[in-house]
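>>> turn this into a model:
(one chain, ligands or ions: 1)
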Amino acid sequence: MVERKTGFTVSWQSLSPVLGIFRVKPAAGHRFPEYEAGQYIALRREDCALTRKVTDADGRVRFVPDLDASGIQRRGPVSHAYSISSAPYQTQQEGFLEFYVVRELDEEGRPGRLTESLFRIEPGKDDEVIYFDRIAGDFTLPKRAHGFPHVLMVASGSGLAPFVSMVKQLDFEARAGRRDSTRYTLLHGNRTAAELAYHLELEAIAAAGRIDLVYLATVSRPASSGHDPSLGRGRVSNVLRILLELPSKEEEELVTAEAKRDGVEKARAALGKAVRPALPVGAQLGTLRERMVPADTVLMTCGNASAMSDVQHAAEARSIRFEKEDWKPTLYP
Ligand SMILES: Cc1cc2nc3c(=O)[nH]c(=O)nc-3n(C[C@H](O)[C@H](O)[C@H](O)COP(=O)(O)OP(=O)(O)OC[C@H]3O[C@@H](n4cnc5c(N)ncnc54)[C@H](O)[C@@H]3O)c2cc1C
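Numbers count the residues shown, from 1 in each chain. Coordinates of the predicted model:
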């Protein structure tokens, strides 16, 4: 069994009410295990508001607050895996692990058990985080992208975590004279500019040119006035579709509905409502498309399930090798 150890949150950065970045250090005299960019570790908090499973009369499974006899929600430990967003060299040099997390909300707007607790952390006060002393996972460049001249990374929301770790580590290696010849293209989408974690750092790495990196960020809820023209518009999977010369998901669904003569009005309304995808102003579409040679490319994706499924659809439409990091819940003791 993997040993559980106590760590301490040394910083917490709130990007929005639902997105944050935090750093955890082990207790004095301890070190985190070695890891590769793209891997994850399990974290736990002891005071999570617990839920229990109920099955409705129609067979639908839901999770509702687990109340005691006096109607107070029970509290207890919950553990989940989190991709590490720090680069291995940062952990070696400074001892911390960094995480980029989204606060879970269920369909009824109830917060997720562990993330509700993580978002309550206050460094120096309520800052304890238990970690399982094992770093695992095969969503790494050697395991998923070996031999491909072009790695296309597509991240939605906090799904950027493994990729930012990879890019920072590649840049560190290049600074140390170990540059590889792979082309990297990183697309990151979030709702707003404030939620685009690591934006300036990634822009700086791309601009420095030590690795061949194109970094494109997009927002699905662009400001109605004052949208930053250096950001794309629309969901990341739709911006990907521009690069792969595919229609947007909503356009495609309308064509399908029209062919089947079924659901046309609904599809038309969805297209009308969707933010029309666009690349950042100044992005060179022709040059970007030249990078996307299907046979040379492996597309790696991480993030929310519906975005990943659309990204998979786009990759398959262009016969591009597809790799994803599944964030399926795992049971921890
Ligand atoms: C390898 C891996 C890496 C990950 N990396 C990240 C990351 O970098 N950033 C990030 O934000 N997230 C990441 N995740 C997701 C993360 O592990 C959690 O699933 C997520 O944070 C939600 O946790 P929660 O406790 O807040 O939500 P939960 O309370 O666990 O709710 C999530 C869902 O679980 C179900 N559920 C609720 N209560 C129960 C219960 N009592 N028993 C069983 N199921 C229940 C419900 O369907 C609910 O919608 C990763 C997941 C994996 C597997």
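
>>> in the chain, what residue lies closest to the ligand?
The nearest approach of the chain to the ligand comes at Gly112, 2.1 Å away (CB to the nearest ligand atom). For the C-beta atoms, the positions are set from N, CA and C on the backbone; glycine is no exception.

>>> helices and strands around the lengthiest strand in the chain, which ones?
Determined from DSSP state E, the single longest strand within the chain is strand 4-16. In terms of contacts (3 or more CB pairs under 8 Å, 6 or more residues apart in numbering; DSSP states H and E), strand 4-16 is packed against strand 19-26, strand 128-136.

>>> isn't Gly7 up against Lys25?
Yes - counting by CB atoms under 8 Å, Lys25 is a contact partner of Gly7 at 6.2 Å.

>>> now the common contact residues for the two.
Contact with both Gly7 and Lys25 is made by residues Leu97, according to CB atoms under 8 Å, 6 or more residues apart in numbering.

>>> and these two? which has more neighbours close in?
Gly7 (23 against 20; other CB atoms under 10 Å).

>>> the more buried one and Glu290: what is the separation?
Using CB to CB, to the nearest Å, Gly7 is found at 45 Å from Glu290.

>>> do I have it right that Glu258 meets Val264?
Yes - under the criterion of CB under 8 Å, Glu258 makes contact with Val264 at 5.6 Å.

>>> circling back: and the helices and strands packed on strand 4-16 as TSV, adding distance to the ligand?
Listed next are these as TSV, based on distance: least, CB to the nearest ligand atom, whole Å:
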stretch	distance to the ligand
strand 19-26	8
strand 128-136	8
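
>>> any idea which of those gets closest to Thr55?
Closest to Thr55 of the helices and strands packed on strand 4-16, according to CB to CB: strand 128-136, at 30.6 Å.

>>> residues contacting that closest one, please?
Contacts with strand 128-136, where a contact means CB under 8 Å, 6+ apart, come from 2-9, 24, 26, 32-35, 39-46, 77, 79, 84, 97, 118, 121, 332.

>>> tell me, what's the model's pLDDT at Ile84?
pLDDT, Ile84: 98.

>>> neighbours around it, how many?
Around Ile84 there are 27 other residues, counting by other CB under 10 Å.

>>> would you report the backbone torsion angles of it?
According to degrees, to the nearest 10, the main-chain angles of Ile84 amount to phi -90, psi 120.

>>> all helices of the stretch 51-200 of the chain, in order?
88-94, 113-118, 141-144, 161-175, 199-208 (DSSP state H, counting those that start in this stretch).

>>> helices or strands next to the longest one in the packing?
Right, helix 161-175. strand 75-83, helix 88-94, strand 97-102, strand 150-156, strand 183-190, helix 199-208, strand 212-219, strand 297-302.

>>> how big is the angle separating it from strand 297-302?
Relative orientation of helix 161-175 versus strand 297-302 (axes from the mean of the first three to the mean of the last three CA atoms, to 10 degrees): 130 degrees.

>>> for helix 161-175, which positions count as buried?
By 16 or more other CB atoms under 10 Å, the buried positions in helix 161-175 come out as 161-174.

>>> and for the nearest residue to Glu252 once chain neighbours are set aside, the neighbour number?
The shortest distance from Glu252 to any non-neighbouring residue, by CB to CB, 6 or more residues apart in numbering, is to Leu246 (7.4 Å). When neighbours are defined as other CB under 10 Å, Leu246 has 17 of them.

>>> show me what contacts Leu246?
Counting by CB under 8 Å, 6+ apart, Leu246 touches Glu252, Ala314, Ala317, Arg318.

>>> out of the residues you listed, which are buried?
Glu252, Ala314, Arg318.

>>> which of the residues you listed fall within helices?
Here DSSP state H is the test, and these give Glu252, Ala314 as lying in helices.

>>> about what we covered before: so which of the helices of the stretch 51-200 of the chain is nearest Ala57?
helix 113-118 (25.3 Å).

>>> so what secondary structure elements neighbour that closest one?
If you count contacts as 3+ CB pairs under 8 Å, 6+ apart, helix 113-118 packs onto strand 40-49, strand 75-83, strand 97-102.

>>> the chain against the ligand: which residues are in contact?
Residues of the chain found near the ligand (CB under 6 Å from any ligand atom) are 40, 51, 63, 78, 80-83, 99-102, 104, 106, 112-115, 137, 158, 161, 327-330.

>>> filter the residues you listed to the buried ones?
By neighbour count, with 16+ other CB under 10 Å, the residues of the chain next to the ligand hold 40, 51, 78, 80-83, 99-102, 104, 112-115, 137, 158, 161, 327 as buried.

>>> assign a three-state SS to Asp262, would you?
coil (DSSP: H, G, I helix; E, B strand; the rest coil).

>>> next one: it from Ser16, what distance?
Distance, Asp262 to Ser16, using CB to CB: 38 Å.

>>> again, but for Ser248
25 Å.
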